[in-house]
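Chemist: Structure for this input, please:
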Amino acid sequence: MEFGTSFGVSTLHLVAALRDNGGGLLISTEFEPVKVAQARANLTAAGLDDLVEIRAGDALEILAPDLPEAMDLVPLDGAKNLYPRVLSLLEPRLRPGSLVLADNADWSPDYLARVRDAAGGYLSVSLAEDVELTMRL
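Modeler: Prediction:
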């Protein structure tokens, strides 16, 4: 589950990894219609559009009614102020050992406080100045 498709560059890599490892489905969200169209075109050109579902619109609205049963990886790279709310929405579906990778996490202090809280059910480390890797315990 990817929050923030943008033009689909990261999406291409994620979906290629799915294909290389036997398949799966990546659900990705993007708010900007122009970016959705370009991401879809990029995925089609790469022949990887069959393993991805891009949902256009407000992630909190388009994900809530239809989430997969379980998730293993969640890259966060959308609106930083929504990171805590997106995590809350997805949290019941995160398996133990699932990874959340938040880009520009330092722009979301509420998110960082939550995933770094020892009682919160996560183990979280900073990988770089602004990238946070979090594992669901």
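
Chemist: Quick check: mean pLDDT of the longest strand seen in the chain?
Modeler: Looking across the chain with DSSP state E, the single longest strand is strand 94-103. Mean per-residue pLDDT for strand 94-103: 98.

Chemist: after that strand comes which helix or strand?
Modeler: helix 109-116 (DSSP states H and E).

Chemist: got the angle between the longest strand of the chain and helix 109-116?
Modeler: For strand 94-103 against helix 109-116, the angle by axes from the mean of the first three to the mean of the last three C-alpha atoms, to 10 degrees is 140 degrees.

Chemist: who does strand 94-103 pair up with?
Modeler: Strand pairing for strand 94-103, determined by DSSP bridges: strand 71-76 (parallel), strand 131-136 (antiparallel).

Chemist: which residue ranges form the strands in the protein?
Modeler: 2-3, 26-30, 52-56, 71-76, 94-103, 122-126, 131-136.

Chemist: okay if I get those strands as a markdown table plus distance to Asp20?
Modeler: No exception for glycine: its C-beta is placed from N, CA and C like everyone else's. Below are those laid out as a markdown table (distance: least, C-beta to C-beta, whole Å):
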| stretch | distance to Asp20 |
| --- | --- |
| strand 2-3 | 17 |
| strand 26-30 | 13 |
| strand 52-56 | 14 |
| strand 71-76 | 14 |
| strand 94-103 | 18 |
| strand 122-126 | 26 |
| strand 131-136 | 21 |
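
Chemist: mind listing what's buried in the lowest-mean-pLDDT helix or strand in the chain?
Modeler: Lowest by mean pLDDT, DSSP states H and E among the helices and strands of the chain is helix 59-63, with a mean of 94. In terms of neighbour count (16 or more other C-beta atoms under 10 Å), helix 59-63 has its buried residues at 59, 63.

Chemist: Excluding its own residues, what touches that helix? List them.
Modeler: The contact list for helix 59-63, computed with C-beta atoms under 8 Å, 6 or more residues apart in numbering, reads 1, 3, 27, 29, 31, 55-56, 78, 82, 85-86, 89-90.

Chemist: Sweet, I'm off.
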